[in-house]
Each structure stands twice: as structure tokens, then as C-alpha cells.
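S.K.: sequence plus predicted model, see below.
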Amino acid sequence: MPMLILVLAGCGDGLLSGDALAELSDIPPLPTEPAWSLRWLIDDDEGLLAECSLIALEDIAPELTMGRVYAEPPELYESPVWIEEGAYRWALGLLVLVNPERVDPDEVAEAEELADEPGAWGAVDSRALLLGEGDLDALTEDLMLDGDDGEFTEGSQWVGMLPELALARGSLAASLYPLSEEDLVEQEEEGVRVVSISWLSGAAQMVFTGTGLGGLTAACDE
């Protein structure tokens, strides 16, 4: 079952609720019913595509944190957009944690930073979901993800992502790196780390809105 864990270190008065924590810092309160918003790479010239449909999180169990939460990521094997490369095709997804009640698709594409998006709480700033079909060995080799700690399985795997490198190179694909076995075990046990918008780096804010990467569009049903 999906879970969400909120952890705060260095608080001498014991555990605080999300609202109390927000009053003591610039961390926004965690949404009562948070959801995932997916951003998919179109290509390095056309930026990102934001899905309008959201994936709900359940069984939230907040504890103490310092601007971060850990959440079980969704299991996904399909994307609304694929990058075709002859022997294979691939898709790259980024995760944003949102308050569904406040999300406005019309304003998503206009934001220059994630903090400008209504409903956005934070983002998974160090992970990306890679989907692949076809010659997966060629895919991981071309993206330089053929590390020593496992193989691409079932056409879906989590990889590391560096927002600063993505902006410096103007390419999300060039910012990816293979996760170690220890990284994957830790993610399986704790979930992915979500950093609140008030704690995200400037580079991460720009990556998740597509700024400097070709922009962002929203894929909404008419």
C-alpha cells in the first residue's frame, strides 16, 4: 500500500503536526489527500508534458521532517509520450507531490518555478522513472545507465537525476545516472524523497517546470 512518512530532526519538544511545523518554518502543510502529478520528457527541445490526471496516495502516516517526506512511488509502465530511437523507445517521468484540490492545469504551463504552481507541495528532485521498450540493452548503453548493479527489468526502472546537470547541459537525459543496489534497497524500504517547494534548489524548480528545457505543456482532455 502507498505510504507517506514525514520526518523532522532536531526538535526538542517532540513530534509536531504538519500545521504546527508550518507555523515554525516556511514548510507548507502536507496536503490532507496528496497525489502524484507526472511530468514526462517530450524531448530536449520541446520540454515536458504534464499529465492532468493525478495518482492518489493513501494511508498517510506523517511523522517529523525537515522539509522532506518519503513516499512510495507509483508503479507505471505506460507514458503518454515516447521518444523513438529505432531499435527501442523510451520515456522519462518526473514526480511532483500536489494537493489535488488546488491544482489548476491552466496555470501549470505558465509557471516558471514549481513554487508558482497552485497545489504543488514538492518534488522528487533526485530520481526519475525510465520506461523502455525494445532493445533495452541498447537503451541503457546509449543513456550510459549500464552500471554494475543490476539490469533493466520489466521495461521500468528508477534512475538518479541531477537537476543542476540537466540545466547545465540543457538535457534531462544527460543528467541521469544508474542507482546502486544500496540506493534501490533504501528506496524500496523508505520510498522516494520528496523535497518541499520551499526547500527545492533553484535548478530543481526550473527542471520541473521545464524552464531551460523547452518549456512545459499540459495534457488535458477536452
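M.R.: Ah, there it is. Remember, it's a predicted structure, so these values are computed and weren't measured experimentally. Residues are numbered from 1 along each chain as shown.
S.K.: now Gly155, nearest residue through space, not along the chain?
M.R.: Closest residue to Gly155 apart from its sequence neighbours, by Cβ to Cβ, 6 or more residues apart in numbering: Gly132 at 5.3 Å. The way it works is simple: take the backbone N, C-alpha and C, and place the C-beta from them, glycine included.
S.K.: identify the bridge partners of the one you found.
M.R.: Going by DSSP bridges, Gly132 is paired in beta bridges with Trp90.
S.K.: hmm, Leu92 and it touching each other?
M.R.: No: taking contacts as Cβ atoms under 8 Å, Gly132 lies outside contact range of Leu92: 9.8 Å.
S.K.: any idea which residue sits dead centre in the chain?
M.R.: The residue lying closest to the centre of the chain (Cα atoms, centre = their mean) is Leu95, at 2.4 Å.
S.K.: OK, contacts around that residue?
M.R.: Residues in contact with Leu95 (Cβ atoms under 8 Å, 6 or more residues apart in numbering) are 36-39, 73-74, 123-124, 127, 129, 192, 194.
S.K.: just to revisit the earlier point, and the residue nearest to Gly155, how far from Val185?
M.R.: Plainly put, Gly132 is 22 Å away from Val185 if you go by Cβ to Cβ, to the nearest Å.
S.K.: end-to-end on stretch 172-188?
M.R.: End-to-end distance for stretch 172-188, by Cα to Cα, to the nearest Å: 24 Å.
S.K.: what's in contact with it?
M.R.: Residues outside stretch 172-188 that contact it (Cβ under 8 Å, 6+ apart): 41, 44, 73, 92, 127-128, 130, 140, 143-147, 149-150, 158-163, 165-166, 169, 207, 213.
S.K.: for the chain, longest helix please?
M.R.: For the chain, the helix with the greatest residue count under DSSP state H is helix 181-190.
S.K.: rewinding a little: looking at Gly132 and Val185 now, which is surrounded by more residues?
M.R.: The neighbour comparison of Gly132 against Val185 (other Cβ atoms under 10 Å) goes to Gly132, with 25 against 11.
S.K.: and the helices in the chain?
M.R.: Under DSSP H, the chain gives helices at 18-24, 105-108, 136-142, 163-169, 181-190, 202-208.
S.K.: among those, which is the most enclosed?
M.R.: Highest mean neighbour count among the helices of the chain (mean count of other Cβ atoms under 10 Å): helix 202-208, with a mean of 22.
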